[in-house]
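Asker: Here is a sequence together with a model predicted from it:
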Amino acid sequence: MSRSLANLLMLLAALIWGTAFVAQQLGMSNVGPLTYTGVRFLIGAAFILPLAMRERARLSGVGVSFDRGDLMSWSGLGLLLFLGASLQQVGLMSTTVTNAGFLTALYVPLVPVLAWLVHRHRPHISIWPGALCCLAGTWLLSGGELADFTVGDLWVTASAVFWACHVLWVGHVAARKNNPILVAFGQFVVCGLLSLALALATEPVSWQGIQAGLPAILYGGLLSVGVGFTLQVVAQRHTRAADAAILLSSETLFAAVAGAVYLGERLTGIQLLGCVLMFSSILVVQLAPLWWRRGMRGIRADGASR
């Protein structure tokens, strides 16, 4: 797969995820956040099961086998997915779709920082002012008063840490044995089962509630999980985690548009400024290293020509 096609697929995933914030919020009119998360991820797993079986047969045909280490890696991704998705879903109970979209995108500047801490990949210097600007944007998004920063906003902000870990790790795991669909299926099952197990212990779970919320659950399960996360796993094998983060972060804009169109959400002037500052910082964090490398190549090429 070409890098351009991979980038296009990740942009499509971002579109699906951004609009899915609306379904995630509407779905909780009938079920709890953990029930919604568990059911939608198991629906996503069932949706891609035929593709996973086909991939398993293909890999078996060329002698590729899977061991306990592979299962542990898939389970680890599923745990990260569970933590990120469940914290985000709980947060959506008391924050807006627009806020949730932008606060989730805080994972973008976290990806290069984690890559530095875990893999010793030193981040570009732009990450530090970019991170500070993201924090400033978050403050403005709260209306310039931290007292107005809701509990839901805090839950969604916490989820960004686990989304960053997931983005950093998923491409590496999927590329190890060229099995993106199996990786996606495995993490969906783990996430779904963990969510439902906790839901049964903490929430009223009923078949009637699931039926009433089925349209929103299906949108979240079939599109957001089955299509969106699978596209991420497939495409991210062909690009760097930091580059993938900027494309996936465009879900914030799609979430804001979906919130305005379907839920009538509106931002105040200071909140809009915060969104602009956050998204601009995200762009600079990802694009500055590319501009720097191109500039250095140009200088070297110019020096060589002389």
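Answerer: That came in fine, so what should we check first? The model shown is predicted, which means the values in this text are computed figures rather than measured ones.
Asker: so what's the nearest residue to residue 81 once chain neighbours are set aside up against?
Answerer: Excluding the flanking residues, the one nearest residue 81 by C-beta to C-beta, 6 or more residues apart in numbering is residue 191, at 4.2 Å. Where you see a C-beta, it was placed from the backbone N, CA and C, and this is true even at glycine. Residue 191 makes contacts with 37-38, 41, 78-79, 81-82, 85, as judged by C-beta atoms under 8 Å, 6 or more residues apart in numbering.
Asker: Return the per-residue confidence for residue 191.
Answerer: Turning to residue 191, the model gives it a pLDDT of 95.
Asker: let's number from 51 now, not from 1
Answerer: Okay, residue one is now 51; in that scheme the one you just asked about reads as residue 241.
Asker: List the buried residues of the helix or strand that contains it.
Answerer: In this assignment (DSSP states H and E), residue 241 forms part of helix 230-252. Across helix 230-252, burial judged by 16 or more other C-beta atoms under 10 Å covers 230-246, 248-249.
Asker: Now find how far off-centre that helix is within its chain.
Answerer: Helix 230-252 sits 16 Å away from the centroid of its parent chain (C-alpha atoms, centre = their mean, to the nearest Å).
Asker: same thing with stretch 270-290?
Answerer: Worked out by C-alpha atoms, centre = their mean, stretch 270-290 lies 9 Å from the chain centre.
Asker: Tell me the buried residues in it?
Answerer: 270-289.
Asker: mind listing which of those are in helices?
Answerer: By the criterion of DSSP state H, membership of the buried residues of stretch 270-290 in helices covers 280-285.
Asker: Could you single out the nearest of these to residue 164?
Answerer: Checking those against residue 164 with C-beta to C-beta, the nearest one is residue 282 at 16.9 Å.
Asker: Wait, that closest one touches residue 224, no?
Answerer: No. Taking contacts as C-beta atoms under 8 Å, residue 282 lies outside contact range of residue 224: 9.3 Å.
Asker: Give me the common contacts of these two.
Answerer: Contacts common to residue 282 and residue 224, judged by C-beta under 8 Å, 6+ apart, are absent.
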